[in-house]
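**Q** Sequence below, structure please.
(chains A and B)
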Amino acid sequence: MAAQAHAHAREHGGRGRIGMACMILTESALFSVFVAAYVFYIGKSLVGPYPRDVLGLPVWATVALLSSSISVTLAVRALRRDARSAFVLWWGITIALGAFFLVATAVEWRALIYAHDLTIWTNLFGTTFYTLVGFHAGHVTIGLLLLGLVLVFALTGRVRAAHAERVEVLSWYWHFVDVVWVVVFTVVYVVGR
Amino acid sequence: MGALHGWVTTVDHKRLGVMYILAGLLFFVIAGLEATAMRIQLAVPNNDVLSPQVFNRLFTMHGTTMVFLVGMPIIIGMANYLIPLMIGARDLAFPRLNAFGFWMFFFGALLLYFSVLGGDGLYGAGSMPDVGWFAYAPLTGRAFSRGNSTDYWIVGLLVGGVGSLTTAANLITTIFTMRCPGMTLGRMPLFVWLLLVVFFQMLLALPPLSAAQIMLLFDRFLGAHFFNTQGGGDAVLWQHFFWIFGHPEVYILILPGFACASEIIPVFSRKPIFGYAVMVAATIAIGFISLGVWAHHMFTVGMSTGANAFFVFSTMLIAVPTGIKIFNWLGTMWGGRIRFATPMLFCIGFLFQFLCAGLTGVMLAAAPFDWQLSDSYFVVAHFHFVLIGGLLFTIFAAIYYWFPKVTGRMLSERVGRWHFWLFAFGFNLTFLPQHVAGVLGMPRRIYTYDADRGLELWNALSTAGVPFQIAGVLLLVLNMAWALRNGAPAGDDPWDAWTLEWATTSPPPAYNFETIPTVRSRRPLWDLKHPDDPDWKHE
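**A** Model (predicted):
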């Protein structure tokens, strides 16, 4: 009986983890190419505006996104001990932090487009900046949709401790989006400026 | 109608596997007809069967189709069908995701071919993409590629790529989490091991193509400058991104050929595979090295001497693990009681032809040699020896070997032998002379050539090989159609083989195994048939 349970666990547990690990691996390869293109074209724009003229450090957005990795971890831990209201609280905070990040990006882009006249066709900086940062923001958006779906399930009482592993697998994706931001931040706002 | 509904909505790995393979064979016929049209055009000098424009479209679609719509789906289909059976599982880890992967591939393929109707968009009648299968910038820019044919190429492959990625992740997860009791990694059939490496290569190598294609879409639709040289972009960057995908892709295609050979050669030599562990190690080595050889496709664009030297070295290095494998197969055959059944014939043909492909590969890996012969028919001959002489021959071997398992019927051995000899003769007649044409200076992708350049004989021979290949493939199709109704019943294990797929009935039931098997060695069926002398005592 114990052996059977063990075999069952081996068969069905861990599937989500390995599947998500594969997805993170392949997404890393995807982002590597966008980052490589960005690095390759640093300083090669034929006309302005240039990064040092128009880019400010997105400090608060970065703090918000990195903090959301902590809150999502706390949420998963809460769910494991079946503390459902704590889970909803931390999960909601994660969504709020992610949403703040997206809004900050939108404000930054609005200023770049309207105040500095930088669009995707202006120069190579615009081309690579909007593509790389936009792809990351797209991943944040997808993450927020998935987090929101779980929040709806949680508020209707459908998320229990039994689902902790699935929720944890989703949190891996969120951590990945965070790590990508660390790379994007370094390349775009530190090295590239 | 009910049957059709069953196939369309299925999530069964065996049905999806068969659907992948049938779709692959369908596109194989289409790509073969495209190649036939090109060979007719090139049969004699100054021929005008095809216009230059149509010729460009045909070689673009032939290459794209063979790589993405024939090679990939047949490989993924075989993996889909066989891996759960070989590791003693009842399905993949994510069966619905598996169906999703198939339909993404299939609709991606339809999108690519929809360009026949919609390619020119508002500019006129339909057309197919004409930018070559590697679609070099800046030819693919808005200025040089009007209409939407290039967009169909981009979007079709992007959609299909998502299917390949999900299926690769799905099969990796299956291999890691669903093996039956006792099926340790070290006891997995080599087929599973080699495909595992292939799936990791897919996860790492397909995204660069997708990313580059997304950049190209941004260039074409949003006015971005990634590959737009007038906006400061770099056309060579596309080449780097494409071949970072493109060269691992070659190994994604050929390693499954090795995988089939590694299952079939031992069974028909009546010996266990020689050097199992070395084979696995060599495959993993190929997996890693193949990620660092891409720019040997780019020796003629003018890279630095240091870069050239690096890619010469890494490319020649990959010949070492590949050579090891050839010796493994020869070592397996050495002293064996070889049965020359059709699957084995195709494997032996593969050994000779792949050796030839490998030797021309090492020649082309030397940058100075490549400067002379890059983009010539020598290169065309080289990669057709890899992909037809190597991959397609092992796919044919696999069809003869596993068809009895899939359908419960044997293919005719007599027709199979005719298929082998006609196809092997036709293939060599078509592609051996192309080496000579290339050395004489015939560039690839030209729609015609002048008389008195010394190219007539080699092109005439090349075209003369085509009917033999068509006859061979036709015999295969007839053989399969005939065998479905009239083939001799196969039984569970017609070849007296050793891996788990032969432990269940032919065709296997939906649930694969009534009870999940337990294995104790690399050859579980040998153990079952020879309880007096089981393998696990010696491993």
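
**Q** Tell me the pLDDT of residue 191.
**A** By default, I'm working from chain A. On pLDDT, A:Val191 comes in at 94.

**Q** Not quite, go with chain B.
**A** Reported pLDDT for B:Phe191: 98.

**Q** What average pLDDT does the helix ranked longest in chain B get?
**A** The longest helix of chain B (DSSP state H) is helix B:235-269. Average pLDDT, helix B:235-269: 96.

**Q** Contacts only, for the residue in the stretch 251-400 of chain B positioned nearest to chain A.
**A** Of all residues in the stretch 251-400 of chain B, B:Leu291 sits closest to chain A, at 10.0 Å by C-beta to the nearest C-beta. C-beta here means a position set from N, CA and C on the backbone, and glycine is covered the same way. Contact analysis of B:Leu291 by C-beta atoms under 8 Å, 6 or more residues apart in numbering or on different chains lists B:Gln201, B:Leu204, B:Ala205, B:Ile244, B:Pro248.

**Q** Closest to chain A out of these?
**A** B:Leu204 (4.9 Å).

**Q** what helices or strands is the helix or strand encompassing the closest one leaning on?
**A** Secondary structure from DSSP states H and E places B:Leu204 in helix B:190-222. Helix B:190-222 sits against helix A:15-40, helix A:124-155, helix B:72-86, helix B:149-177, helix B:235-269, helix B:276-289, with contacts defined as 3 or more C-beta pairs under 8 Å, 6 or more residues apart in numbering or on different chains; DSSP states H and E.

**Q** right, so of the ones you listed, which gets closest to B:His13?
**A** Across the helices and strands packed on helix B:190-222, B:His13 has its closest neighbour in helix B:72-86 (5.1 Å, C-beta to C-beta).

**Q** Kindly export stretch B:231-244 (C-alpha atoms) in PDB.
**A** Coordinates of the C-alpha atoms in stretch B:231-244 are reproduced here as PDB (Å, rounded to 0.1, in the frame of the first residue of the first chain):
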ATOM      1  CA  GLY B 231      17.800  52.200 -40.000                       C
ATOM      2  CA  GLY B 232      21.200  51.000 -38.600                       C
ATOM      3  CA  GLY B 233      20.100  47.400 -38.200                       C
ATOM      4  CA  ASP B 234      22.300  44.500 -38.900                       C
ATOM      5  CA  ALA B 235      21.400  41.900 -41.500                       C
ATOM      6  CA  VAL B 236      24.000  39.500 -40.300                       C
ATOM      7  CA  LEU B 237      22.400  39.500 -36.800                       C
ATOM      8  CA  TRP B 238      19.500  37.600 -38.500                       C
ATOM      9  CA  GLN B 239      21.900  35.000 -39.700                       C
ATOM     10  CA  HIS B 240      23.300  34.500 -36.200                       C
ATOM     11  CA  PHE B 241      19.800  34.200 -34.700                       C
ATOM     12  CA  PHE B 242      18.600  31.900 -37.400                       C
ATOM     13  CA  TRP B 243      21.600  29.500 -37.200                       C
ATOM     14  CA  ILE B 244      21.600  29.500 -33.400                       C
END
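
**Q** before we move on, back to that, so which of the helices and strands packed on helix B:190-222 comes closest to B:Thr504?
**A** helix B:72-86 (6.9 Å).

**Q** just checking, next helix/strand downstream of that closest one?
**A** helix B:95-118.

**Q** Identify each buried residue in that next one, please.
**A** For helix B:95-118, burial by neighbour count (16 or more other C-beta atoms under 10 Å in any protein chain shown) applies to B:95, B:97-102, B:104-106, B:108-109, B:111-115, B:118.

**Q** cool, stretch B:183-198 as well?
**A** Neighbour-count burial for stretch B:183-198 [16+ other C-beta under 10 Å]: B:183, B:187-198.

**Q** In CSV: those residues, plus distance to B:Pro467.
**A** Below are those laid out as CSV (distance: C-beta to C-beta, whole Å):
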residue, distance to B:Pro467
B:Met183, 46
B:Arg187, 46
B:Met188, 42
B:Pro189, 38
B:Leu190, 36
B:Phe191, 34
B:Val192, 38
B:Trp193, 39
B:Leu194, 34
B:Leu195, 35
B:Leu196, 40
B:Val197, 38
B:Val198, 34
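
**Q** Closest one of those residues to B:Ser412?
**A** Among those, and counting by C-beta to C-beta, the member closest to B:Ser412 is B:Phe191, at 25.0 Å.

**Q** thought that closest one was touching B:Cys260?
**A** Yes. Contact criterion C-beta atoms under 8 Å: B:Phe191 and B:Cys260 qualify, at 7.0 Å.

**Q** In three-state terms, label B:Phe28 for me.
**A** What DSSP: H, G, I helix; E, B strand; the rest coil gives for B:Phe28 is helix.

**Q** residue contacts, it?
**A** So B:Phe28 contacts B:Met66, B:Val70, B:Ile74, B:Val473 (C-beta under 8 Å, 6+ apart).

**Q** ok, so of these, who is nearest chain A?
**A** B:Ile74 (21.9 Å).

**Q** Contacts only, for the closest one.
**A** Here B:Ile74 is in contact with B:Tyr20, B:Ile21, B:Gly24, B:Leu25, B:Phe28, B:Ile395 (C-beta under 8 Å, 6+ apart).

**Q** can you check A:Val169 too?
**A** A:Gly16, A:Arg17, A:Gly19, A:Met20.

**Q** 7 Å instead, please
**A** A:Gly16, A:Arg17, A:Met20 (C-beta atoms under 7 Å, 6 or more residues apart in numbering or on different chains).

**Q** picking that back up, the contacts of B:Phe28 into JSON lines, with extra columns for secondary structure and pLDDT?
**A** What follows is the contacts of B:Phe28, written out as JSON lines (DSSP: H, G, I helix; E, B strand; the rest coil; pLDDT from 0 to 100):
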{"residue": "B:Met66", "secondary structure": "helix", "pLDDT": "97"}
{"residue": "B:Val70", "secondary structure": "helix", "pLDDT": "97"}
{"residue": "B:Ile74", "secondary structure": "helix", "pLDDT": "97"}
{"residue": "B:Val473", "secondary structure": "helix", "pLDDT": "97"}
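
**Q** Not counting residues beside it along the chain, what's closest to residue 52?
**A** As the question left the chain open, I've gone with chain A. A:Arg193 (5.3 Å; C-beta to C-beta, 6 or more residues apart in numbering or on different chains).

**Q** could you do chain B instead?
**A** B:Tyr447 (4.5 Å).

**Q** Which positions in chain A make contact with chain B?
**A** A:7, A:10-11, A:14-15, A:18-19, A:22-23, A:25-26, A:29-30, A:33-34, A:37, A:40, A:44-46, A:120-121, A:124, A:127, A:131 (C-beta under 7 Å from any C-beta of the partner chain).
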